[in-house]
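Asks: No letters, just coordinates:
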Ligand SMILES: Cc1cc2nc3c(=O)[nH]c(=O)nc-3n(C[C@H](O)[C@H](O)[C@H](O)COP(=O)(O)O)c2cc1C
């Protein structure tokens, strides 16, 4: 009996030692990954990603483009003249178009600059109240466009202010921006420079003024001369 007890106790000792021995490796397996310098590795990866990204951005910036070479003609037109010019440009450049539509459209009465009580005269005399909300300010796939034509009628010698909302709402970095306008007699004046200042980004070209009823041939000839 004593012999059997001794054998049983020896067997238990062997089993418990064996069990302890199995614990050891599994503990070190769990600990090992946690003791790896994971965060250092990740941060190194992050750094290299960031530098790769900024290198890419730099190259894109140097090339002067960010999109897929697409052209967009954006315009505001109160009575249709600028719309016609915009459509001619779009046809000549195979561009997409975006019409800027005020959420509160201008009626004929609103546009009557000879009426001192009209909306447009009030807005002209009160620059702080010229914020014109638009139905839509940014086209889908804005990033895809490298060249943006921006068209407007001349109002009191400057760009009709509904375009301001579009200019302020978008980032023109890496894009070539070409202003164009229609007017009864005024030239482009400083309208393009003022919009460029407002935008703060983009590579702005000088732009062009067309008469209110400009022909498709005139507009096309100008576009072709740009050498896009
Ligand atoms: C409120 C207002 C102000 C205008 N101011 C000028 C101006 O200063 N000089 C000018 O030559 N034409 C001026 N015009 C005429 C328009 O610029 C011209 O008719 C233009 O082609 C209209 O373009 P749209 O049909 O796209 O709105 C003005 C028109 C309006 C309604």
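Replies: Nice, I can see it. Everything numeric here is computed off the predicted structure, so don't read it as measured data.
Asks: So, low pLDDT: which residues of the protein?
Replies: 1-66 (pLDDT under 70).
Asks: Let me know whether stretch 199-217 sits next to the ligand.
Replies: Yes. Residues of stretch 199-217 contacting the ligand under Cβ under 6 Å from any ligand atom: residue 212. C-beta here means a position set from N, CA and C on the backbone, and glycine is covered the same way.
Asks: where does residue 146 land in three-state SS?
Replies: Under DSSP: H, G, I helix; E, B strand; the rest coil, the three-state class of residue 146 is strand.
Asks: Let me know whether it touches residue 70 as I believe.
Replies: Yes. Counting by Cβ atoms under 8 Å, residue 70 is a contact partner of residue 146 at 6.5 Å.
Asks: Tell me which of these two has more neighbours.
Replies: residue 146 (20 against 16; other Cβ atoms under 10 Å).
Asks: That one and residue 209: what is the separation?
Replies: 24 Å (Cβ to Cβ, to the nearest Å).
Asks: what does this protein put close to the ligand?
Replies: So the chain meets the ligand at 77-83, 111, 113, 120, 153-157, 182-186, 212 (Cβ under 6 Å from any ligand atom).
Asks: Narrow the residues you listed to those in helices?
Replies: Among the residues of the chain next to the ligand, the members found in helices (DSSP state H) are 81, 82, 83, 120.
Asks: what two of those residues are the furthest from one another?
Replies: Based on Cβ to Cβ, the longest span within those runs between 83 and 120 and measures 18.1 Å.
Asks: List the residues that contact residue 69.
Replies: For residue 69, the contacting residues are residue 146, by Cβ atoms under 8 Å, 6 or more residues apart in numbering.
Asks: Do a quick rundown of the helices in the protein.
Replies: Ranges of helices within the chain are 2-35, 38-63, 81-93, 119-125, 162-169, 191-199, 216-225, based on DSSP H.
Asks: how much space between residue 176 and residue 125?
Replies: 35 Å.
Asks: Tell me which of the two has more neighbours.
Replies: residue 176 (19 against 10).
Asks: Count the residues that sit near residue 76.
Replies: Residues near residue 76, counting by other Cβ under 10 Å: 26.
Asks: now swap in residue 205 and tell me
Replies: 15.
Asks: ok, it to residue 180 distance?
Replies: Distance from residue 205 to residue 180, counting by Cβ to Cβ: 10 Å.
Asks: can you check residue 85 too?
Replies: Taking Cβ to Cβ as the measure, residue 85 falls 6 Å from residue 180.
Asks: Looking at these two, which one has more neighbours?
Replies: residue 85 (31 against 25).
Asks: Quick check, that one in contact with residue 179.
Replies: No. At 11.6 Å, residue 85 and residue 179 do not qualify as touching, with contact defined as Cβ under 8 Å.
Asks: Please give the number of neighbouring residues around the closest residue in space to residue 179 that isn't next to it in sequence.
Replies: Excluding its sequence neighbours, the residue lying closest to residue 179 (Cβ to Cβ, 6 or more residues apart in numbering) is residue 207, at 3.5 Å. For residue 207, the neighbour count with other Cβ under 10 Å is 20.
Asks: ok, now how distant is residue 207 from residue 187?
Replies: Residue 207 is 10 Å from residue 187, by Cβ to Cβ.
Asks: One more: residue 164?
Replies: On the measure of Cβ to Cβ, residue 164 and residue 187 end up 20 Å apart.
Asks: again with residue 108
Replies: 26 Å.
Asks: These two: which is more packed in?
Replies: residue 187 (12 against 9).
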